[in-house]
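1. Need coordinates for the below:
(2 chains)
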Protein chains: 2
Amino acid sequence: MATPTTHKILLDESEMPTRWYNIIPDLPAPPPPPLHPGTLQPVGPEDLAPLFPMDLIEQEVTTERYVDIPEEVQDVYRLWRPSPLFRAHALEKALGTPARIYYKYEGVSPAGSHKPNTAVPQAYYNAKAGVRKLTTETGAGQWGTALAFACAQFGLECEVWQVGASYDQKPYRRIMIETFGGTVHRSPSELTAAGRAIRADRPDHPGSLGIAISEAVEVAAQHDDIRYALGSVLNHVLLHQTVIGEEALLQLAKVGEQADVIVGCTGGGSNFGGLVFPFLREKLAGKMSPEIRAVEPASCPSLTKGTYAYDFGDTAGMTPLMKMHTLGHDFVPDPIHAGGLRYHGMSPLLSHVYELGLMTATAIPQTECFTAAVQFARTEGIVPAPEPTHALAACIREALACKESGEEKVILTALCGHGHLDLAAYDAFLSGRMVDEDADDARFADALSRLPQVPAGA
Amino acid sequence: MATPTTHKILLDESEMPTRWYNIIPDLPAPPPPPLHPGTLQPVGPEDLAPLFPMDLIEQEVTTERYVDIPEEVQDVYRLWRPSPLFRAHALEKALGTPARIYYKYEGVSPAGSHKPNTAVPQAYYNAKAGVRKLTTETGAGQWGTALAFACAQFGLECEVWQVGASYDQKPYRRIMIETFGGTVHRSPSELTAAGRAIRADRPDHPGSLGIAISEAVEVAAQHDDIRYALGSVLNHVLLHQTVIGEEALLQLAKVGEQADVIVGCTGGGSNFGGLVFPFLREKLAGKMSPEIRAVEPASCPSLTKGTYAYDFGDTAGMTPLMKMHTLGHDFVPDPIHAGGLRYHGMSPLLSHVYELGLMTATAIPQTECFTAAVQFARTEGIVPAPEPTHALAACIREALACKESGEEKVILTALCGHGHLDLAAYDAFLSGRMVDEDADDARFADALSRLPQVPAGA
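-> This next block holds a predicted model:
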C-alpha cells in the first residue's frame, strides 16, 4: 500500500494540440459520399449551406490531414483541456490484474462530457459567419448543455428542442442548459410545423430524437441568421474530437507506455473516433499496433448486428443518405439508461473504418456495465456516465483475461463523462430494478426491412 | 481575443503537500479549550474516545506546527489532488476589471467538494484503529458522500443518517452515497432511541441536522467497533483541509503572484480555514499581507451577527461546550439553498482567529450570490455549488471595486464544489422564484437568549 503511485498524467496547456487530425487521407480507401435522397447524387456544399456555415462544410469534406484549431477555440478549450489521463491503480488492485489500465477523462469539461470539444468550434465558426442563433435537439441533454455553454462563449443564442419524455423526467439537464443561457423547448412543440402536426394528433406526445431534429432543422432552414448544430455522426464532429486521442498519445508517451488495447463506447461514434483516430494514424504508419475495439449496448448494436448500407440519419427521413452501419432509421431500441448510445446508425466515417477491418466491435448488456461502473466508482472515485460504463465493462473483461493469462497488457479507454446527472440509473441498478435490455435478434430484422432502396453504384 | 492565456495552474503529484499545517502554535494566543458541559472543565482525550480514534483526538489538540500526511492517505489524495488553481480570465473580461481573479477548485474530488480532504484521513485513522464502521449525519449529502467514498477506500462500512426533508426531496445525493457503498437512513429513524422518541410524536418528522447527529452519535457510542465522523468545525478537520491553502500558495508562486485579498465562504469553517491558514502563516511571519475575508449567508451570519461565547455544537446540547461565534445552538436559519452554510456556529479555531483580528467577515444574501454564480458559469464554464456562490459574489464585488479604483489587485477564492446536484436552486433563481432570505436583526436575538451559562474564567 505504501508505494507512491502516480494517478494522473497531466499536460500543460502549452502541450494542448493546435491541430485537429483528419483520418480520411490516411485510409486505404475514401469513405462513400453522402447522397441526396431525391437525386441519389453525392450532396454538395450548397445542399448543406442552409444548415451549416461554410467553414464546417469544408471541414466535413476536407482531404487535408490536419486542420488548424483557431486561437479563439484553443482559448476556450484551455478552460478544461488538456484533460487528464488517469492510471487506474486502485481498480487494477481491486481486480488483481497485471494489466495496466489508463482512462482519458472528459468529465472535467463544462458540460461534463466530451461534447464541448465540438460544440465550441461549431459555435465559433457560426459566430464568425455572422449567425445569430444555433438550434439543436437533445435527448437526455448532454449535447444541449455543451452547445449552450459554447454559445455563451461566443455571444450566440442557443435554442434546444429536448425530447419530451426527458424534459418531463430529467429536469436537471434542462436547468443546466438554462444556466448556461440556452432556451429549452419540450419537443414536440407548438413552435414548428413538424411539432404542431404531431401535437394535433397527440398533445402529450413524449417525443423522440427524430422529432426534435425535425423541429430544430425546420427553424434553422427558415431563417438566414439561424443555423443548426449536430453533436455526433458527421465527419467534422469526429475531426474536432481528435484532441482526445492526440492528448492521450502524448500522455502515454510521457510515461513510456504504448496501448495494446483501446476500448471505447460508441453511440454516434464521436467520442470513440476522437480517441482512436490518432492512434490509428500511428498504427497505419506502422509505429504501434493497438487492437481497437468499439463497445455498444446490446440493445442498439449497429456495428455488431446492423447492416452496412445507405440510410437516413434521422427517423423521419429528412437528411441526406449516409452509408453506415444501421439498424434502420425507424428502429426503436429498447429503453436503456445510456441514452447517448441509443442511435440507430453509426458515424459513416467510423463505419467505413470498421468495414476496412481496422477495428473490432462488441456489445455488452447494461447490468454488466453498471456492475463495472460501481466497482470503478468505489475504487477510482468517479461515478461514470451510463455511456462509458460500456467501455469500463469491456476494460474489466480484458483486465480479467490478463489475470488469467498473466499478460501485462496496457489498456486505454475513454471515460467520456461523469454520471452526476444520471444517478437515477444507479438507483435502479443498486435497488435491483435494472434488467438487461431486450437484445433478441428478432428485434433487429423489422426496421432493416425498411431501409431506403439505393442502387449499387449510385 | 487572440492572446494566448493560461487558465489552469497545475501541480504535479510530486508537488502535493506531505504535511498538514496546524496554525495554533503560530497564533499570538491559544484558542480557549472545549468544556465538559457537566463539569465545565476542559474536556480530555478520554471524553472523546468513545467517538473518535486516538490519532484524531491527538490531532485535535496537537501544538505541533505540522502533522505528516500518511502515505496511504496521500495515495488516495492523488486520485484528484493537487487540485487545479484557475485564473478567471473569462470572468475578468466580462467584468472589465483590472483585478486578477484566481480560484482554487475542489469540485474535482470524488464527492465534488473539499470534504474528502478530511473524510479520507478520518477513514484511514479509524481503519488503522480497528474500527469496523463509521456513522455520520448529512444534510444535503455532501459530507455523507465524501465519507462513503473514503470508507470504500479503506474497507470500512459507512452508515449515514440523512435529514428527512433532504432524503425525501433530493434523492441524488443519497444515490451517490449508496453508489460509493454507504448505507443511508432517513432521519429520524427507528434505529435509535433518539429517532424513535421523535417518531413516536410525529412519524413523518422532516428531521434536522441536530437530530441526525444525535442518531449517528448514539450508535457510535454504543458499539466498541463503531466510531463517529464529523465533516467540519473541529480542529482536526480544519487541519486536514490545509492541503488546499498549501497548494494554492505554491500555485500562485509558480505564476509570480501574491494574493491581495482572499475570500471564501464559511459554514462550519473547514473550507475557509483550509484555504487561508497557510496564507495566514505567511502573513504572521511578515512574508505577505493579504486581506482575509469570510463570506457568510445573510440568513446565518454567525461571525457578523453572532456572539462569541461557549455554546453547544449540536441542537440538542449533547456535545462539549465550544467557545465560538454562535447564533445560539437552537437557532433555525431561514431556509436557503446553501445547505452547507446553515450552521448556527463557527469553527472555534476560526472564531478565535476572527477575535484576534486576523480576518474580516461579511454577509451576502442569496440572490446576489446566484447572480454571480450564473455569470461565473457562462464565462468560466463551471456551475458552482450554492455555498461558494457566496465567495464568488464577494469576489465580483471586489473586482468591480477595482474597476472603479483602477487597482490591479490579486483576488484569490476557493470554489469549494460544483453544483451538479444542486440545480434545483438554479431553477428557482432563473425562474424568478428565489427570494432573499429573512435576515432581520430581530431573528438573531431569540436563540441567543438561550446560550448556556458559563462563568467567566471557567
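
2. For the spatially most central residue of chain A, which non-adjacent residue is closest in space?
-> Central residue of chain A (C-alpha atoms, centre = their mean): residue A:270, 3.8 Å from the mean position. Sequence neighbours aside, residue A:232 is the residue nearest to residue A:270 in space, at 4.2 Å (criterion: C-beta to C-beta, 6 or more residues apart in numbering or on different chains). Where you see a C-beta, it was placed from the backbone N, CA and C, and this is true even at glycine.

3. Just give me the neighbour total for the one you found.
-> By the measure other C-beta atoms under 10 Å in any protein chain shown, the count of residues near residue A:232 is 24.

4. which residues does it contact?
-> Residues near residue A:232 by C-beta atoms under 8 Å, 6 or more residues apart in numbering or on different chains: A:143, A:267, A:268, A:269, A:270, A:343, A:347.

5. most surrounded residue in the residues you listed?
-> Using other C-beta under 10 Å as the neighbour criterion, residue A:269 leads the contacts of residue A:232 with 33 neighbours.

6. Ramachandran angles for the nearest residue to residue A:421 once chain neighbours are set aside?
-> The spatial neighbour of residue A:421 that comes closest, neighbours along the chain excluded (C-beta to C-beta, 6+ apart), is residue A:172 at 4.8 Å. For residue A:172, the backbone dihedrals (degrees, to the nearest 10) come out as phi -60, psi -40.

7. neighbours around residue A:172, how many?
-> A count of nearby residues for residue A:172, using other C-beta under 10 Å, gives 23.

8. Quick one: name the residues of the stretch 251-400 of chain A near chain B.
-> Residues of the stretch 251-400 of chain A that fall close to chain B, judged by C-beta under 8 Å from any C-beta of the partner chain: A:374, A:377, A:378, A:379, A:380, A:381, A:382, A:383.

9. Next, residue A:413: secondary structure please.
-> Recorded secondary structure, residue A:413: strand (DSSP: H, G, I helix; E, B strand; the rest coil).

10. residue contacts, it?
-> Applying C-beta under 8 Å, 6+ apart to residue A:413 gives the contacts A:101, A:102, A:103, A:104, A:262, A:263, A:264, A:388, A:391, A:392, A:394, A:395.

11. Let's see if you can find the most crowded of those residues.
-> In terms of neighbour count, residue A:388 stands highest of those at 36 neighbours, by other C-beta under 10 Å.

12. quick one: what helix or strand has it in it?
-> Element membership of residue A:388 [criterion: DSSP states H and E] is helix A:386-405.

13. Give me the nearest residue to the closest residue to chain B within the stretch 101-250 of chain A, chain neighbours excluded.
-> When scored by C-beta to the nearest C-beta, the stretch 101-250 of chain A has residue A:110 as its residue closest to chain B, at 3.2 Å. Distances taken as C-beta to C-beta, 6+ apart put residue B:381 closest to residue A:110, at 3.2 Å, once the chain neighbours are dropped.

14. is it true that that neighbour touches residue A:77?
-> No: judged on C-beta atoms under 8 Å, residue B:381 makes no contact with residue A:77 at a distance of 10.6 Å.

15. can you give me the offset of the helix holding residue A:388 from its chain's centre?
-> 20 Å (C-alpha atoms, centre = their mean, to the nearest Å).

16. Just give me the neighbour total for residue A:36.
-> 14.

17. Surely it is in contact with residue A:46?
-> No: contact status for residue A:36 versus residue A:46: not in contact, 10.7 Å apart, counting by C-beta under 8 Å.

18. And the strands in the stretch 201-350 of chain A, which stretches?
-> Applying DSSP state E, counting those that start in this stretch to the stretch 201-350 of chain A gives strands spanning A:226-228, A:261-265, A:291-297, A:307-312, A:321-326.

19. what's the residue of the stretch 301-450 of chain A found nearest chain B in contact with, if anything?
-> Nearest to chain B, among the residues of the stretch 301-450 of chain A, is residue A:381, at 3.2 Å (C-beta to the nearest C-beta). Applying C-beta under 8 Å, 6+ apart to residue A:381 gives the contacts A:90, B:79, B:80, B:109, B:110, B:116, B:149.

20. Tell me the backbone dihedrals of the second one, please.
-> When read as degrees, to the nearest 10, the backbone of residue B:79 gives phi -60, psi -30.

21. Give the burial count for it, as a bare number.
-> 23.

22. care to break chain A down by domain?
-> Using automatic domain parsing, the domain parsing of chain A gives A:71-111+A:235-450, A:116-228.

23. pLDDT (mean, whole number) over the first one?
-> Translated: domain A:71-111+A:235-450. Domain A:71-111+A:235-450 carries an average pLDDT of 95.

24. Identify each of the strands in the stretch 51-200 of chain A and give its residue range.
-> A:66-68, A:85-87, A:100-105, A:133-138, A:157-163, A:183-187.
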